[in-house]
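>>> structural data only, the sequence is not supplied:
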Ligand code: ATP
Ligand code: TYD
């Protein structure tokens, strides 16, 4: 597969066109950002760790019948994906209270959320990804009612698959964010699933093993990602 020009350089990944108009290459860089890009750092091995982590999860989701853009690994830090027309909303499910929810509603970090909550955010760095809802998304044309219903249902199905997968590694899936896009009109899971876009705690000690280690300056960020990956069977060799 021929890598052609850079289409987009995000905060953590770069996206390249290929000789196939329906395929892109995602390059996972070592760059890490927090607080809307206010804090940026390069963390050794991050690109490789997240590329392998994401490939493992996307394969598990595909096996469970969830349509994903992931096709194959291309190198340590790159994979081939279907080119999607990304929908500018982010779907978040929370099983346990943390992060933005704790700040917004004053609930105690670590409280169980039953049933799990579903939230939508607008993908817009300049506006700091504000929380929106289905009515706003429909009115402003970010997604249709049918697309929103499909994204919500897929996001819950992902929760069922991944909660179990992480539980087997003694990990709690606290919350996570998914992005979807359209491939020839159908809704497909895009972007990535890695400890950069979710919260994972040790089930016994509740130690944070995700990007909060970077956000909160706890250190050992990539070591934690590797620990999580090893517990669920990701091959980092
Ligand atoms: P954020 O960190 O808020 O997600 P970003 O744009 O900085 O934003 P990166 O992960 O660095 O994020 O960039 C990757 C970009 O590629 C994202 O904008 C994402 O929506 C887009 N993208 C992911 N998968 C696909 C795909 N299959 N087709 C087209 N674009 C995609
Ligand atoms: P949230 O607690 O709302 O945001 P923050 O941690 O920035 O205060 O996020 C819930 C989960 O979704 C968390 O695991 C991080 C992830 N997420 C992203 O990765 N990017 C985003 O733009 C958003 C809104 C959430």
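Okay, I see it. If you're wondering where the values come from, they're calculated on a predicted model, not measured in any experiment. Ligands and ions are numbered 1, 2, ... in the order given.

>>> so what's the backbone phi/psi at the closest residue to ligand 1 within the chain?
Nearest residue of the chain to ligand 1, counting by Cβ to the nearest ligand atom: residue 10, 2.1 Å away. Where C-beta positions appear, they are placed from N, C-alpha and C, glycine not excepted. Main-chain torsions, residue 10, degrees, to the nearest 10: phi -90, psi -160.

>>> how about the residues of this structure that lie near ligand 1?
Contact residues (Cβ under 6 Å from any ligand atom) of the chain with ligand 1: 8, 10-13, 15, 24, 69, 81-84, 86, 179, 181, 190-191.

>>> switch the cut-off to 8 Å
Neighbours of ligand 1 within the chain, by Cβ under 8 Å from any ligand atom: 7-15, 24, 26, 29, 31, 33, 37, 69, 81-86, 90, 123, 125, 129, 179, 181, 188, 190-192, 196-197.

>>> of these, buried ones?
12-14, 24, 26, 29, 31, 33, 69, 81-84, 90, 129, 179, 181, 188, 190-192, 196-197 (16 or more other Cβ atoms under 10 Å).

>>> next, the buried residues of stretch 167-176.
Applying 16+ other Cβ under 10 Å to stretch 167-176 flags 169, 171, 172, 173, 174, 175, 176 as buried.

>>> which residue is the nearest non-sequential neighbour of the first one?
Leaving aside its sequence neighbours, residue 169 sits nearest to residue 231 (Cβ to Cβ, 6 or more residues apart in numbering; 3.2 Å).

>>> residues touching residue 232, list them.
Counting by Cβ atoms under 8 Å, 6 or more residues apart in numbering, residue 232 touches 56, 165, 166, 168, 169, 171.

>>> I meant to write residue 33 there.
By Cβ under 8 Å, 6+ apart, the contact list for residue 33 reads 11, 12, 39, 40.

>>> pretty sure residue 40 is touching residue 11, no?
Yes. Under the criterion of Cβ atoms under 8 Å, residue 40 makes contact with residue 11 at 7.4 Å.

>>> intersection of neighbour lists for the two?
Common neighbours of residue 40 and residue 11, counting by Cβ under 8 Å, 6+ apart, are 31, 33.

>>> for the chain, which segments count as helices?
46-63, 99-105, 134-139, 145-167, 212-215, 221-232 (DSSP state H).

>>> quick one: closest of these to residue 2.
Minimum separation from residue 2 across these (Cβ to Cβ) falls at helix 46-63, 19.4 Å.

>>> contact partners of stretch 99-119?
Residues contacting stretch 99-119 (Cβ under 8 Å, 6+ apart): 91-98, 131, 152, 155-156, 159, 175, 199, 206, 212.
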